[in-house]
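Got a sequence here, can you build the structure:
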Amino acid sequence: MAAKGLSWDHKTGRTAALLAVIAVVASLFTIPATAASAATPDPIDVIVTEAHPASDSAERLVESLGGSVGDHLAIIGAFTAQVPASAFDVLSTSDAVESVAVDGSVQLQSTADWANDTVTYQDSGSMFKTAKFVLARTFWDAGYTGQGVDVALIDSGVAPVQGLTEPGKIVNGPDLSFESQNSDFRYLDTFGHGTHMAGIIAGRDPGVTNPWNDTKTKFVGIAPGARVVNVKVAGYDGAVDVSQVIAGIDWVVQHKNSNGLNIRVLNLSFGTDSVQAAQLDPLSHAVEQAWKAGIVVVVAAGNDGGLVPLRMPASNPNVIAVGAYDSNGTNITGDDFLTTFTNCGTNGRTYDVVAPGRSILSLRNPGSLADMENPGAVVDDRLFRGSGTSQSAAVVSGAVALMLEQRPELSPDQVKSLIVSTADYLGQRPDRGCPRKTMLDLREIFSTPAPSTSQTHPSSTGLGSLEASRGSDHVELDGVALTGERDIFGGPWNGTSWSTAAAQGTSWSGGTWNGTSWSGTSWSGTSWSGLSWSGTSWSGTSWSGTSWSGTSWSDKTWSGTSWSGTSWSGTSWSGTSWSGLSWSSAGWGDTASGVRWD
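Predicted structure coming up:
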């Protein structure tokens with residue numbers, strides 16, 4: 001943000017001498033207009049942050065409302081003023097004003113227990129601030145909301161909660177999870193992760209017309225006009241095998257333009273600690289085929305923290321690997337820092353970009369496993385707080401949808417180049433040798449010409465081991481772990497035949513993937529554990545380009561008892577960091593069931 005009377009390069013951060021003063025001013029809660037005007041005597045002292053600091057439109061508005069302009073806080077593009085209480089509503093909704101706050105003593109929230117605060121949409125960590133940090137308003141004000149762009153979300157399903165129930169907002173792809181056999185849970189998110197991601201990417205409350213203005217009172221995701229293609233692979237506890245994820249990626253590639261779909265973005269907020277090179281790993285090969293098919297693949301870097309390798313498939317050099325930064329609870333960038341839980345990467349492969357990933361508010365899935373096990377992360381009946389590179393990846397996926405609506409001709413390589421080349425500097429230099437010039441900056445991207453570029457990394461083969469791709473995480477059924485070169489049906493894994501089919505886009509045929517039937521009787525036959533499934537599975541006809549009817553969702557809290565006793569469980573999962581009680585806590589879970597959900 002440019003400032004009056006002061007010139008500096010916003011990409012080099014602010015001086016340390018100013019930070020203490022700025023932090024106190026810029027960290028004030030933005031109080032809702034109705035509360036301020038009702039509770040504050042007339043006149044009131046306020047701090048006005050200008051939407052257009054180079055002009056005097058905000059100052060003239062204050063004076064026209066009977067107020068007086070005080071001191072200019074040029075470094076943050078704001079000024080103090082005294083206004084009648086009745087003017088607060090007008091200032092809050094004006095295009096000339098970015099935010100208005102009562103000037104007074106307010107507790108800073110950089111280390112407080114946010115879960116116990118009374119949170120409004122403008123408060124710390126809300127999507128209003130998340131959108132503000134990445135400068136999404138530049139696209140929103142120009143009319144770009146991701147309209148016409150489909151984002152495939154391979155995750156734990158999506159629940160039809162408010163903000164995701166707009167007709168056509170969610171398109172159900174196949175349910176490849178272990179819960180697909182139960183019609184009550186098919187496509188739905190019993191875990192809570194997928195719903196949180198979908199809200200960040202493309203959530204939109206009813207009645208939203210102007211995202212920037214409306215996000216101050218309603219829930220608005222980064223790309224509120226985009227659609228989410230729901231490819232469910234994980235069950236209530238996050239349990240999923242690598243073979244299910246690969247099958248989901250293959251499905252997305254083959255059906256990216258089927259039945260009216262326009263899948264241009266793929267969000268993968270998970271990863272494994274694979275012990276083999278990205279050039280060999282099957283999961284890495286799968287995302288590379290999606291990239292070559294014209295789909296921008298956005299992957300979470302991982303929540304292990306420090307100078308450790310990126311999780312697979314973020315380690316594939318083609319895709320966009322996303323780390324998380326912490327805004328430090330303020331409105332400025334000079335004090336932003338890389339989260340301690342972000343994987344930096346090693347051996348020349350580090351994250352490509354960082355986005356907000358600490359205590360991000362998104363849509364709550366009442367009664368999901370995450371919801372029940374992390375009551376401290378519950379903000380209200382609609383919102384839930386989560387931290388991790390998962391959330392950061394979802395922010396970037398929404399940003400890519402905005403870019404592709406503006407310039408649909410962009411290739412994945414061009415999208416990545418624009419994001420990397422325009423990145424802003426982290427205010428605080430990472431202390432672990434991690435990249436610094438990596439903060440997502442949509443304002444710079446908006447007006448930067450598209451580069452003529454093409455990545456030249458050696459092609460992957462996918463001929464590595466499926467078991468090695470799993471790393472340390474395995475799914476279990478009644479104490480029997482799925483190991484070795486076998487998929488979830490116990491069938492032998494043939495990397496040569498699969499990699500050839502994946503590259504040709506022929507690994508799916510109706511309900512059959514890689515030669516194994518995923519429909520009809522396949523799930524009721526003998527599985528790798530020697531036990532039998534019952535019921536029917538995806539038949540190849542359940543996805544039709546339409547969203548759910550809503551008849552299978554009662555809009556009531558899950559009882560938990562109907563699915564918590566399922567025999568499928570992950571080997572390890574920790575969701576304590578969802579609580580949002582500590583700034584030092586990691587993302588949602590340190591390990592995952594079969595695949596790491598970062």
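
before we move on, which element is the most centrally placed residue in the chain in?
Nearest to the mean C-alpha position of the chain, by Cα atoms, centre = their mean, lies A394 at 1.8 Å. Element membership for A394, per DSSP states H and E: helix 389-406.

That helix: which residues count as buried?
Going by neighbour count (16 or more other Cβ atoms under 10 Å), the buried part of helix 389-406 is 389-405. C-beta: built from backbone N, CA, C; applies to glycine.

buried stuff in whatever helix or strand comes next after it?
For helix 389-406, the following helix or strand on the C-terminal side (DSSP H and E) is helix 412-421. Using 16+ other Cβ under 10 Å as the test for burial, helix 412-421 gives 412-420.

Let me see the residues that make contact with helix 412-421.
By Cβ atoms under 8 Å, 6 or more residues apart in numbering, the residues outside helix 412-421 that reach it are 291, 294-297, 318, 320, 352-353, 396, 399-400, 403-404, 410, 438, 440, 445, 448, 450-455.

Which among those residues count as buried?
Among those, those classed as buried by 16+ other Cβ under 10 Å are 291, 295-297, 318, 320, 352-353, 396, 399-400, 403-404, 410, 438, 440, 445.

hang on, the earlier thing: in strands only, show me the contacts of helix 412-421.
Among those, the members falling in strands (DSSP state E) are 296-297, 320, 353, 438.

Tabulate those residues (a markdown table), appending distance to Y425 and pLDDT.
Listed next are the ones in strands among the contacts of helix 412-421 as a markdown table, based on distance: Cβ to Cβ, whole Å; pLDDT from 0 to 100:
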| residue | distance to Y425 | pLDDT |
| --- | --- | --- |
| V296 | 24 | 98 |
| V297 | 26 | 98 |
| I320 | 19 | 98 |
| V353 | 12 | 97 |
| T438 | 8 | 93 |
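
ok, these vs Q244, which is closest?
Using Cβ to Cβ, V297 comes nearest to Q244 of those, at 17.2 Å.

excluding its backbone neighbours, what's nearest the closest one?
Leaving aside its chain neighbours, V297 sits nearest to V319 (4.2 Å; criterion: Cβ to Cβ, 6 or more residues apart in numbering).

For this structure, identify the residue most remote from the centre.
The chain, Cα atoms, centre = their mean, max distance from centroid: G66 (43.0 Å).

what's the neighbour count on the residue nearest to that residue when sequence neighbours are not counted?
Of all residues not flanking G66 in the chain, P84 sits nearest, at 5.3 Å (Cβ to Cβ, 6+ apart). P84 has 14 neighbours, counted by other Cβ atoms under 10 Å.

looking at it, P84 is touching V46, isn't it?
No. Using Cβ atoms under 8 Å, P84 is not in contact with V46; the gap is 10.6 Å.

Over stretch 164-179, what's the mean pLDDT, rounded is fine.
Here stretch 164-179 scores 91 as its mean pLDDT.

Flag every buried residue along that stretch.
Judged by neighbour count using 16+ other Cβ under 10 Å, the buried positions of stretch 164-179 are 164-166, 169-179.

of all the residues you listed, which comes closest to G329?
Distances from G329 to the buried residues of stretch 164-179, taken by Cβ to Cβ, are shortest for L164, at 27.9 Å.

State whether the closest one is indeed within a strand.
No. Applying DSSP: H, G, I helix; E, B strand; the rest coil, one finds L164 to be coil, outside a strand.

follow-up on the earlier one: identify, from the ones in strands among the contacts of helix 412-421, the entry nearest to T330.
T330 has its nearest neighbour among these in T438, at 19.1 Å by Cβ to Cβ.

Touching, that closest one and P430? I think so.
No. The criterion here is Cβ under 8 Å, and T438 misses it with P430 at 9.2 Å.

Following element in sequence after the stretch of helix or strand D45 belongs to, please.
Here D45 sits within strand 44-50, counting by DSSP H and E. On the C-terminal side of strand 44-50, the nearest following helix or strand under DSSP H and E is helix 57-64.

residues of that next one that come out buried?
Neighbour-count burial for helix 57-64 [16+ other Cβ under 10 Å]: 57-59, 61-62.

and T145, how many neighbours?
Using other Cβ under 10 Å, the number of residues around T145 comes to 25.

Three-state assignment for the closest residue to it other than its chain neighbours, please.
In this structure, T145 finds its nearest non-sequential neighbour in G225, 3.1 Å apart by Cβ to Cβ, 6+ apart. In three-state terms, and counting by three-state DSSP, G225 is coil.

Test my guess that G225 contacts E405.
Yes. With contact defined as Cβ under 8 Å, G225 counts as touching E405 (7.2 Å).

Which segments of the chain make up each domain?
Following automatic domain parsing, one finds the domains of the chain at 10-106, 128-458+545-579.

That'll do, ta.
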